[in-house]
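A.B. asks: Give me coordinates for this.
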Amino acid sequence: MFNRALLSLVLLLSFQNCNGKLDCPAPVELGNTANESSYDTEGPYDKYLNAFNDSLIERIRSKKKSFYKNVVDNVVMFLCDVEIASERCVPSDSPLAAKNSEGDCVVAADSLCPQGLCERTSNCYWNVARETENRTTRFPAAAYANAEEALFGLNKNSYAGSILGPGAIGMIVSVVLLICWFIFFVIRYMCCCLWGSCGTLCFLCSPIPKNRYKMFADKIVPILLYLTSLVGITAAASFAFLGNEEVSVGLSNAFLHTDGLVDDLRSFLQRSRIPLSNINSIIDYAALDAKLIFDGTEYVTEDALKIASSFLGFYSLHSKGLNESNALTGFESALTEFESKVQPISLDVQSMLDTLELDLYEQSDTIEGGITSAIDQLDSFTNQTTEWQDTVYQYEGQEYGLRPTRRVIVMSIFLTSFLFGVLGLLAILLSNNTRSCSRFFSMLKITGFFSALLGSLAMILASALLVASFVIYDSCQILNVVTNDFEPFVGEKVAPGANAVFNDTNLAVAFNVADKIDFQELLDEGLSQIENVNITSSFDLVFDPLRDIQSMISSMSDTALDVFNQATSSNLTSCPFVDIYNKTTMMEPWKLHRTEDLTPYIIRDNFGNATSYERIGSEDSGTYLNRVYNAAGVCSASSNCCIQATSTPPTTCTSNPLESCDYGENCVFPCSPLKLAIVEGHAAFLSLYDRETKMTSDLGVICPDATCPTNEFSQTYSNLTLVAQLESYRTKISSTRDSLVSLASTSVGEAMYEVEDFLCHMNVSFVERRYSKVKGSICGNSFMGLEKLMWALWVLGISLELVAILSHVLSIRLSDSRKEKYQTDLEDQGHGLSRMDIY
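C.D. replies: Residues are numbered from 1 along each chain as shown. Here you go, the predicted model:
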């Protein structure tokens, strides 16, 4: 619901791609950074801890990254329910359906999913479904059955075998030592009780010392070894104390940064709530402001399409004229500039208007309801973080309360061992004082007994800690593999967010929210484009070639006019034509200014008379010219040549040569070809001029009369000329552009700012930062402390075993004061046997 609520809001300008990037100001750290520091350098024992920071476990357990990758893969396969996870097709409305960014099912090349079913999203069995590629399983099918054996099999190749092997060896040695000591004590003390009556069998266990001990080799060397063992116990105790303190430091840091993570998460949620709340409070005003902008802007697309259609219509009506006037290239240039410079502006503006209308105005109620629900969820989540923090405090308090107990237990093991060692040392030092310390001397045997017992138990515990150290170390290495890519563990839908946490990627970008719902980013990009475009200049690129076209069109009839004037102004002797016309007088030649009312020559078939330059009745220009320039002929001979003065032919037809005539065989008409050229030239001019006028009327650079555009153009394409449409469109779209540019000053601009604020604070890198701190505390301090404790127990166990052996040896060798008594008893009860040199 939260994403759907923002989807409509931030899709407000989804007409462009923002390439998944957000142009945000410098990030501000979330939460309270006061608890970023650790206790690592604040403890009183840190100078000692830092001196032993080399991990032997790390050296012993050094494995390639591929080893841990295989372990992770086997864990995934072991936990995978293959029967359920292998189901490839799911209902299309299932949250598990794999869909593309358009919301359509992803269709793999080998997809077998029927209608209504989609490929499922990736899981522990299937890899990500991709278009045009065959679907593949994450691992071979047979590998799933072998995963349990690979993890827990009782062989050296399994993971369990690799970590239990060293620990098992130590455990077996410890148990064998314990059994040997048990057998030794049983036989030793049974024989000590029976050596008199069973001297043959038990004399080897006799407490009577031999007669020839060497002071240095038989007494001093064992005593020195005994003292060395006590030093080892003391050193192990110190090392264990430091290790225990380091475990406490690590746990304190882990709880500290876990608490910090919850704090940061709460701050993140509270910070995310602010812009959403602000958007919710202004969304209605933003919708109304958006309506004021997009209302009445249907023209943006409609007029652009109409102009494009008018270009095509102009060509359809006047393609011949464009070719004849050599204006086709200029016309195509104008059309190209319109498509490349003006139409993109139209598309950008229309997309912005559509977004304002469809995604803001019409969805304002949905946005408001969705954001309200999202805010409620954020509040609930924020309250949940308080409960989590209380839980962290609870566990931290319990752990803190157990620290004295843990310290007492750990140190008790070493202090008890040290106590028995000290008692044994006192017994050694007082071994010659038989009167006052004979009972105390028996403590040397007690020291040997308990040292043997505690030494074996210490090595058993050390073996267990060795295995635990391996597990913790491997877990830390496995975490590095897991955090590289979460997709195999959480699926392709959640993985982008989880990966974003660990690669410092904004969540809005990771989940393509920036592409899908970032209306602020899109509005800013769209506005930056249209406000930086000079609309006037863009339209001028269209107007300039159209003006050039008009010049070419206007010259279409010029040549015909020039040729026509050459004929009408030839001023030949027999054809004294001296008239020069322009385009206006060509249409109404009777309006040509002349100094005479009548032609200066006789008109043929006019009974020997000239004709008037005035228009006669409603004659058209062609008829007029045919009448005015129909000059009479001239006589080539005097006979059979005259003027027909009446309607009937003359009886006698004679004239002087070269006199005007219009009748007779010897009457020639030299002006007839010229008149014919004038009439045909006039007709050609009218045709070209008509084409020129129509093209000019439809183009609209100038309007030759009040009928712009032509009926053909207006009935099919537009009531406005091509240029008039462009000018009107330029005026209107400039006004709309100005309204959009000033969008930031409206409540829509406020919503833009709030969405930017929301998206730019979707960075959750604090999780990775806190995770690194917690992991460093566990895998650093606590692990190193546990390792120190483990090695201390090994040293303790070995030292105690040596103390046990030396105690039993010295308990005999230092008992010289009782030699005479036991010698007599041996002679009385031992049947004449003597002690063998066994000590």
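A.B. asks: What confidence value was assigned to residue 132?
C.D. replies: You'll see residue 132 listed with a pLDDT of 83.
A.B. asks: tell me the SS of it?
C.D. replies: The three-state assignment at residue 132 reads coil, by DSSP: H, G, I helix; E, B strand; the rest coil.
A.B. asks: so how far is residue 134 from the nearest residue to it once chain neighbours are set aside?
C.D. replies: Excluding its sequence neighbours, the residue lying closest to residue 132 (CB to CB, 6 or more residues apart in numbering) is residue 109, at 5.4 Å. Using the backbone N, CA and C atoms, a C-beta is placed for each residue, glycine as well. Residue 109 sits 5 Å away from residue 134, going by CB to CB, to the nearest Å.
A.B. asks: Quick check: neighbours shared by the two?
C.D. replies: With contacts taken as CB atoms under 8 Å, 6 or more residues apart in numbering, residue 109 and residue 134 have no neighbour in common.
A.B. asks: circling back: is the residue nearest to residue 132 in contact with residue 136, as I believe?
C.D. replies: No. Look at residue 109 against residue 136 with CB atoms under 8 Å: they stay out of range, at 11.0 Å.
A.B. asks: So between the two, which is more surrounded?
C.D. replies: Legend: neighbour count by other CB atoms under 10 Å for residue 109 and residue 136, higher for residue 136 (13 against 10).
A.B. asks: so the more buried one touches residue 127, yeah?
C.D. replies: Yes. Applying CB under 8 Å, one finds residue 136 in contact with residue 127, separated by 4.9 Å.
A.B. asks: Can you show me the strands along the stretch 601-750 of the chain?
C.D. replies: 633-635, 660-661, 667-668 (DSSP state E, counting those that start in this stretch).
A.B. asks: Serialize these to TSV and add fields for mean neighbour count and distance to residue 579.
C.D. replies: Below are those laid out as TSV (neighbours: other CB atoms under 10 Å; distance: least, CB to CB, whole Å):
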stretch	mean neighbour count	distance to residue 579
strand 633-635	22	20
strand 660-661	23	20
strand 667-668	20	23
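A.B. asks: Tell me which of these lies nearest to residue 714.
C.D. replies: Proximity to residue 714 (CB to CB) singles out strand 633-635 among those, at 50.4 Å.
A.B. asks: Rebuild the strands of the stretch 601-750 of the chain as TSV, extending it with mean pLDDT and distance to residue 364.
C.D. replies: Below are these laid out as TSV (pLDDT from 0 to 100; distance: least, CB to CB, whole Å):
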stretch	mean pLDDT	distance to residue 364
strand 633-635	93	91
strand 660-661	90	94
strand 667-668	93	93
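A.B. asks: tell me what whatever helix or strand residue 249 lives in is packed against?
C.D. replies: Secondary structure assigned from DSSP states H and E places residue 249 in helix 221-294. With contacts taken as 3 or more CB pairs under 8 Å, 6 or more residues apart in numbering; DSSP states H and E, helix 221-294 sits against helix 46-49, helix 343-354, helix 364-429, helix 722-741, helix 747-760, helix 765-776, helix 783-813.
A.B. asks: buried set for whatever helix or strand comes next after that helix?
C.D. replies: Going down the chain from helix 221-294, the next helix or strand is helix 299-324, by DSSP H and E. By neighbour count on 16 or more other CB atoms under 10 Å, the buried set for helix 299-324 is 299-300, 303-304, 306-308, 310-311, 313-314, 317-318, 321-322, 324.
A.B. asks: farthest-separated two in these?
C.D. replies: For the buried residues of helix 299-324, the farthest-apart pair by CB to CB is 300 and 324; their separation is 36.0 Å.
A.B. asks: okay if I get the strands of the stretch 601-750 of the chain as a markdown table plus distance to residue 559?
C.D. replies: A markdown table is the format used below for these (distance: least, CB to CB, whole Å):
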| stretch | distance to residue 559 |
| --- | --- |
| strand 633-635 | 31 |
| strand 660-661 | 34 |
| strand 667-668 | 31 |
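A.B. asks: Could you work out which of the ones you listed reaches nearest to residue 609?
C.D. replies: The minimum distance between residue 609 and the strands of the stretch 601-750 of the chain falls on strand 660-661, with 10.7 Å, by CB to CB.
A.B. asks: Summarise which helices and strands that closest one is packed against.
C.D. replies: Looks like strand 660-661 contacts strand 633-635 (3+ CB pairs under 8 Å, 6+ apart).
A.B. asks: Listing partners with orientation, what would you give for the strand it packs on?
C.D. replies: Applying DSSP bridges to the sheet, strand 633-635 is found paired with strand 660-661 (antiparallel), strand 667-668 (antiparallel).
A.B. asks: between those, which gets nearest to residue 221?
C.D. replies: Among the strands paired with strand 633-635, strand 667-668 sits nearest to residue 221 (CB to CB), with 164.5 Å.
A.B. asks: Touching the closest one from outside, list them.
C.D. replies: Contacts with strand 667-668, where a contact means CB under 8 Å, 6+ apart, come from 633, 634, 635, 636, 640, 641, 642, 661.
A.B. asks: Of all pairs in those, which one is the farthest apart?
C.D. replies: Spanning the widest gap among the contacts of strand 667-668 are 634 and 640, at 13.6 Å by CB to CB.
A.B. asks: What count of nearby residues applies to the closest residue to residue 694 other than its chain neighbours?
C.D. replies: Computed as CB to CB, 6+ apart, the closest residue to residue 694 that is not its neighbour in sequence is residue 710, at 5.1 Å. The tally of other residues near residue 710 (other CB under 10 Å) stands at 18.
A.B. asks: what sits against residue 710?
C.D. replies: So residue 710 contacts 317, 694, 697, 698 (CB under 8 Å, 6+ apart).
A.B. asks: and those as a markdown table, adding distance to residue 623 and pLDDT?
C.D. replies: Shown next, in a markdown table, are these (distance: CB to CB, whole Å; pLDDT from 0 to 100):
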| residue | distance to residue 623 | pLDDT |
| --- | --- | --- |
| 317 | 30 | 88 |
| 694 | 24 | 87 |
| 697 | 26 | 87 |
| 698 | 30 | 88 |
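A.B. asks: where does the protein dip in pLDDT?
C.D. replies: Counting by pLDDT under 70, the chain shows low-confidence ranges at 1-55, 188-219, 431-441, 497, 506-529, 706, 744, 812-839.
A.B. asks: ok, the buried residues of helix 299-324 vs residue 736, which is closest?
C.D. replies: Ranked by distance to residue 736 (CB to CB), the buried residues of helix 299-324 are led by residue 300 at 6.7 Å.
A.B. asks: which residues touch that closest one?
C.D. replies: Here residue 300 is in contact with 346, 349, 350, 353, 733, 736 (criterion: CB under 8 Å, 6+ apart).
A.B. asks: which element is the nearest residue to residue 467 once chain neighbours are set aside on?
C.D. replies: The spatially closest residue to residue 467, leaving aside those adjacent along the chain, is residue 167, at 3.7 Å (CB to CB, 6+ apart). Taking DSSP H and E as the definition, residue 167 sits inside helix 159-194.
A.B. asks: Distance from that helix to the middle of the chain?
C.D. replies: From the chain centre to the centre of helix 159-194 is a distance of 60 Å (CA atoms, centre = their mean, to the nearest Å).
A.B. asks: for it, packing partners?
C.D. replies: Helices and strands touching helix 159-194, by 3+ CB pairs under 8 Å, 6+ apart, are helix 141-152, helix 199-202, helix 443-482, helix 783-813.
A.B. asks: closest to residue 274 out of the ones you listed?
C.D. replies: helix 443-482 (33.7 Å).
A.B. asks: Report the inter-axis angle for the closest one versus helix 159-194.
C.D. replies: Interaxial angle, helix 443-482 versus helix 159-194 (axes from the mean of the first three to the mean of the last three CA atoms, to 10 degrees): 180 degrees.
A.B. asks: tell me the phi and psi of the residue nearest to residue 694?
C.D. replies: Dihedral pair for residue 710: phi -70, psi 160, per degrees, to the nearest 10.
A.B. asks: how far away is it from residue 177?
C.D. replies: According to CB to CB, residue 710 and residue 177 sit 117 Å apart.
A.B. asks: Then residue 94?
C.D. replies: Relative to residue 177, residue 94 is positioned 61 Å away (criterion: CB to CB).
A.B. asks: How about residue 106?
C.D. replies: For residue 106, the distance to residue 177 (CB to CB) stands at 63 Å.
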